[in-house]
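Asks: Got a predicted model here, sequence first, then my questions.
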Amino acid sequence: MERKYSIIIPVYNRPDEIDELLESLTHQTYSNFEVIVVEDGSRILCDFISEKYLHKLDIKYLFKENEGQGFARNYGYKNATGDYYIVFDSDCIIPVHYLETVNEYLDHHKLDAYGGPDKAHPSFSPIQKAISYSMTSLFTSGGTRGHKKGIGPFHPRSFNMGIAPEVFKKTGGYNLPFKGEDIEFSIRILKNGFRTGLIPEAFVYHKRRTNWKTFFIQLHFFGTARINISRYYPDQLKLVHFFPLIFTLGLAFMLLALPFLNSVFYVLFCLYLLFALILFFNSLWIYKNLKIALMSVIAGFIQLVAYGTGFFQEGIKKIWKS
């Protein structure tokens, strides 16, 4: 079935990223699509980047006041003319087969909304590959970012997500500008009776942070976002979401026990060493690179501690205000 796709890309102060993304879209094997770039009140505009592709893509450049990526996506939805809407983060690179893969999958599976995985591109730096490993690994994230369906219905994430126009009409799109906006949107999609699913081969190359500090800040934000979602949907806070907090508290207890070298310290040390070895050898098996494997251990620990501390801090605020 021939469908027209509307690709919506919110962007904020990232002209270089949007250039790579748009360039990747010029190589799609499926050609019936439009691109809508929504500039979310950026100080560093990407209008000149969009103009580069006027003769290569069916592209619209829209500017709006800064309200957050959730509302920027809504603005794109309102201006879309396609039979199906797709959202990408601006730091993605799209494989040439992406739209063809999605279109073929939708021919055989009735999905009102879908999500796809993210992978590391061969050109990514070692730290980006290590962070990509940590963000997608079963051992650090439970494989929730599109590598398995997990427990319960599939919740698409907005770095790589598609919806039918009826979904936007009925839900009104994103209710939150940021801080877990895609999770909240996915919950309402399901509560409205729409069918969601994972398209395993509809992956994108998702560029990661390029240093540990920005990675920590990002994951700390994710931890606060999970608590933020629970304010609206308390039933969506599952036991698995407490794992990074437990990991962080255990690490803190181990460090506190270090001066005493007692049994508590040795037990915790052995557990964390085992976890580090699992990350190391799993990453080594995937990338066949010692440097990336070592950095994957660092990325895994940073991810869990950053998420755990954000989860804890926002949880304390929630309890205090209740």
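Replies: That came through, no problem. Numbers count the residues shown, from 1 in each chain.
Asks: Could you identify the helix or strand that succeeds the helix or strand harbouring residue 103?
Replies: In the assignment (DSSP states H and E), residue 103 maps to helix 98-108. Toward the C-terminus, helix 98-108 is succeeded by strand 113-115 as the next helix or strand (DSSP H and E).
Asks: sorry, back to before: against which helices or strands is the helix holding residue 103 packed?
Replies: The helices and strands touching helix 98-108, judged by 3 or more Cβ pairs under 8 Å, 6 or more residues apart in numbering; DSSP states H and E, are strand 5-11, strand 113-115. The way it works is simple: take the backbone N, C-alpha and C, and place the C-beta from them, glycine included.
Asks: Now the element after the first one, going C-ward?
Replies: This points to strand 5-11. That would be, after strand 5-11 and using DSSP H and E, helix 15-25.
Asks: next structured bit after that following helix?
Replies: Following helix 15-25 in sequence order, the next helix or strand is strand 33-40 (DSSP H and E).
Asks: contacts for the next helix or strand after that following strand?
Replies: Downstream of strand 33-40, the next assigned helix or strand under DSSP H and E is helix 47-52. Defining contact as Cβ atoms under 8 Å, 6 or more residues apart in numbering, one finds that helix 47-52 is touched by 15, 18, 19, 22, 37, 39, 59, 61, 63.
Asks: tell me which residues in the helix or strand hosting residue 320 are buried?
Replies: Using DSSP H and E, residue 320 sits in helix 290-321. Judged by neighbour count (16 or more other Cβ atoms under 10 Å), helix 290-321 contains these buried residues: 292-312, 314-315.
Asks: mean confidence for stretch 103-112?
Replies: Mean pLDDT, stretch 103-112: 96.
Asks: Span of it from start to end?
Replies: 13 Å (Cα to Cα, to the nearest Å).
Asks: list the buried ones in it?
Replies: Using 16+ other Cβ under 10 Å as the test for burial, stretch 103-112 gives 103, 104, 105, 106, 111, 112.
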